[in-house]
Structure formats: C-alpha cells, structure tokens
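Peer 1: Below are the sequence and a predicted model; questions follow.
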Amino acid sequence: MLIVYCLLVFTLIVAFASLWLTRRSGRHNWQLVVLSVSIAAFIYLYGVWVFASVYAKYVFGLIFVVALALALVRKAETQVRTSGKGRLVSVLFSCVFIILCPLYFTGTAGKPYGVIKLALPFKSGTYFVFQGGSGLPTNVFHYFGRKTLFAMDIIKLNKAGNRATRIFSKRLEDYAIFADTIFSPCDGVILKTESGNPDNIPPARKRGPTNLNQVIIETESAYIFLGHLKMGCVFVHQGEPVKTGQPLGLAGNSGMSLEPHLHIQAHAKTNSKEPWYKQPQLQIQFNGKSYLLFEEIAAGK
C-alpha cells in the first residue's frame with residue numbers, strides 16, 4: 001500500500017517540478033527549457049497517473065503546454081538566468097530524461113522470439129496496461145521477477161479513469177477488473193488449469209505459482225498463460241478444446257499479486273524439451289496492435 005502512495009507522490013512531485021522549471025525558463029535560457037520539457041515528457045510517459053485517474057495525465061500535459069508557451073513569450077528581463085554550473089547540471093539531467101523517453105517505445109532488453117496475434121480477452125470496457133512494454137525500462141517488474149520481458153499485466157478502468165474506487169483499497173470489489181470475465185484470446189487446447197487458491201486481500205500477497213489460479217492454452221505454435229484468476233471461477237478443464245471468445249474464468253487476485261489484474265504471457269512452441277515457461281518469449285499483439293506500458297485498450301470497438 002505504501003508503494004502505491006509513494007509512486008503517486010513521486011509522479012506529482014516530478015510533474016510540479018517540470019512546471020516550476022518552466023516558469024523559471026524562457027527562450028533566453030534554453031537549458032532550463034530543455035530540462036523542463038524532458039522531465040515533463042518523462043513523467044507524462046512513466047508517471048503512475050492511474051493511481052489517481054488517467055485523465056490527470058492529459059490535464060497535466062495541457063497545463064504544461066500552456067505554461068511552456070507563456071514562458072517562451074516572456075520578456076528577457078523577467079526570466080531567471082542560471083550560472084555556468086547550473087547550466088551544466090541542467091544539460092546532464094536533460095540527457096538522462098531524453099534517453100529514457102525513446103526507451104519507453106523501444107526497450108533495451110532485446111527482441112522477442114516473434115510476435116503472436118491474439119484477440120483481446122475482454123468483451124467491453126476500457127482496459128489499461130499496468131505493466132508491460134518492450135523489456136527494460138518499462139517492464140522492469142517482470143524482468144526482475146521471472147525474466148518475462150514481454151509479459152503484460154492488464155487492469156480495467158472505471159468511468160472516472162481509475163482502476164479502483166480509491167487510490168488503494170483493501171476491498172477486492174472496489175477494483176474494476178475484479179470478477180470480470182476473461183475470454184479465450186485464441187483457439188487451442190487447455191494444457192493446465194488451477195482454481196483452488198484464495199484471492200489475496202490487498203496489500204497481502206502469496207508468492208509463487210503454487211498459489212496462483214491460472215489457465216494455460218496450447219496452440220499449434222505457442223503457449224498462452226493467463227494468471228491471477230478468481231478462486232473457484234475457472235470455467236475450463238485440462239484437455240478441453242477452446243475457441244476464441246470462449247469464457248475461461250473470472251479475473252481475481254491470486255498468487256503473487258498486489259491487486260486484481262490479469263497477467264498474460266506467451267511463449268513459442270519449439271522442439272525443445274524445456275517446459276513451456278522456458279520456451280522463447282513472444283510479443284503479444286491484441287487485434288493486430290502491440291501495446292506499451294500505461295496504454296489504454298478499448299474492448300468491443
């Protein structure tokens with residue numbers, strides 16, 4: 001719970017810092033202009049706005065653009081000038097943020113074995129990539145967890161653009177995705193299911209796959225893993241054939257999960273004797289599109 005509040009506070013502090021720097025800058029102090037723009041772009045992309053509302057991100061972006069425009073038209077004598085040391089510090093920090101912004105789109109942890117095209121496992125509503133992206137730095141938790149560079153955690157947004165009715169709630173029912181129906185993203189055969197593990201009450205969590213309700217689908221060329229399902233709410237069984245769009249279960253909060261979400265990852269099916277989770281990783285596309293960290297996904301459109 002503390003992590004959620006700390007990340008949100010960090011996002012807000014950095015956003016306000018970019019606005020403060022913009023107010024001090026101007027067209028005659030380009031170092032501060034570049035620094036403020038690079039910080040604003042960084043926090044716009046990486047900020048955990050969803051803990052408050054995804055709409056806060058767009059409000060911040062609009063306010064920053066207006067503040068920057070006003071700063072650039074200010075008279076030179078009203079602008080703050082920085083010392084030589086201050087300019088150097090500004091340039092160094094700008095370089096860091098400028099490097100991080102393109103990495104949001106490209107990642108640094110190598111390329112996937114291939115791409116797999118799946119149907120979105122939801123029918124209606126607006127969903128959100130809570131964790132995901134093309135490796136580091138956007139998918140840092142999956143990278144250091146089980147080296148699943150291209151796995152995705154998906155949550156659902158309510159009408160206010162929040163994932164839950166509060167910044168952090170201990171009630172599972174407060175989360176928009178909890179008990180949401182998950183549908184098969186492809187045709188295949190059920191390789192494995194598990195549904196007898198209790199859902200964690202946030203912020204408690206039980207670690208490891210042995211405490212995880214899950215469905216694994218095997219296709220002719222891949223394995224698709226869907227995890228953190230609700231206890232007792234897996235509708236399919238091992239060996240059963242499934243079709244795209246068939247209900248698989250309900251979203252829950254079992255396993256190593258801080259709050260309700262759907263974890264999905266895909267691995268290529270090769271001639272290797274290794275288990276499915278050690279097979280080469282595939283990058284997931286939903287309805288022909290790859291999604292990045294903190295991107296919204298509209299279902300049913």
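Peer 2: Perfect, I can see it now.
Peer 1: Name the residues of stretch 143-159 that are buried.
Peer 2: Using 16 or more other Cβ atoms under 10 Å as the test for burial, stretch 143-159 gives 143, 148, 149, 150, 151, 152, 153, 154, 155, 156, 157, 158. Heads up, the C-betas are built off the backbone N, CA and C, glycines and all.
Peer 1: Could I get the full set of helices for the stretch 51-200 of the chain?
Peer 2: 54-73, 84-106, 140-146 (DSSP state H, counting those that start in this stretch).
Peer 1: The shortest one - contacts with which helices or strands?
Peer 2: In terms of contacts (3 or more Cβ pairs under 8 Å, 6 or more residues apart in numbering; DSSP states H and E), helix 140-146 is not packed against any helix or strand.
Peer 1: which residues touch the lowest-mean-pLDDT helix or strand in the chain?
Peer 2: Ranked by mean pLDDT, DSSP states H and E, the weakest helix or strand in the chain is helix 140-146, scoring a mean of 78. Contact partners of helix 140-146, identified using Cβ atoms under 8 Å, 6 or more residues apart in numbering, comprise 109, 131, 132, 135, 136, 148, 149, 151, 153, 256, 277.
Peer 1: Now find how far off-centre it is within its chain.
Peer 2: Offset of helix 140-146 from its chain centre (Cα atoms, centre = their mean, to the nearest Å): 13 Å.
Peer 1: ok, now stretch 103-113?
Peer 2: Relative to its parent chain, stretch 103-113 has a centroid offset of 15 Å by Cα atoms, centre = their mean.
Peer 1: Correct me if wrong: residue 246 contacts residue 183.
Peer 2: Yes: between residue 246 and residue 183 a contact is recorded at 6.4 Å, counting by Cβ atoms under 8 Å.
Peer 1: neighbour count winner among the two?
Peer 2: Neighbour comparison, residue 246 and residue 183: the larger count goes to residue 183, with 18 against 13 (by other Cβ atoms under 10 Å).
Peer 1: Go through the helices of the stretch 51-200 of the chain and name the closest to residue 120.
Peer 2: helix 54-73 (18.0 Å; Cβ to Cβ).
Peer 1: Just the buried positions in that closest one, please.
Peer 2: Neighbour counts over helix 54-73 (16+ other Cβ under 10 Å) mark 54, 56, 57, 60, 64, 67, 68, 71 as buried.
Peer 1: Which of these scores worst on pLDDT?
Peer 2: pLDDT across the buried residues of helix 54-73 is lowest for residue 71, at 88.
Peer 1: wait, which of the helices of the stretch 51-200 of the chain is closest to residue 173?
Peer 2: Of all the helices of the stretch 51-200 of the chain, helix 54-73 sits nearest to residue 173, with 20.9 Å by Cβ to Cβ.
Peer 1: which strands and helices sit next to the closest one?
Peer 2: When contacts are defined as 3+ Cβ pairs under 8 Å, 6+ apart, helix 54-73 packs onto helix 2-24, helix 30-46.
Peer 1: Perfect, I'm done here.
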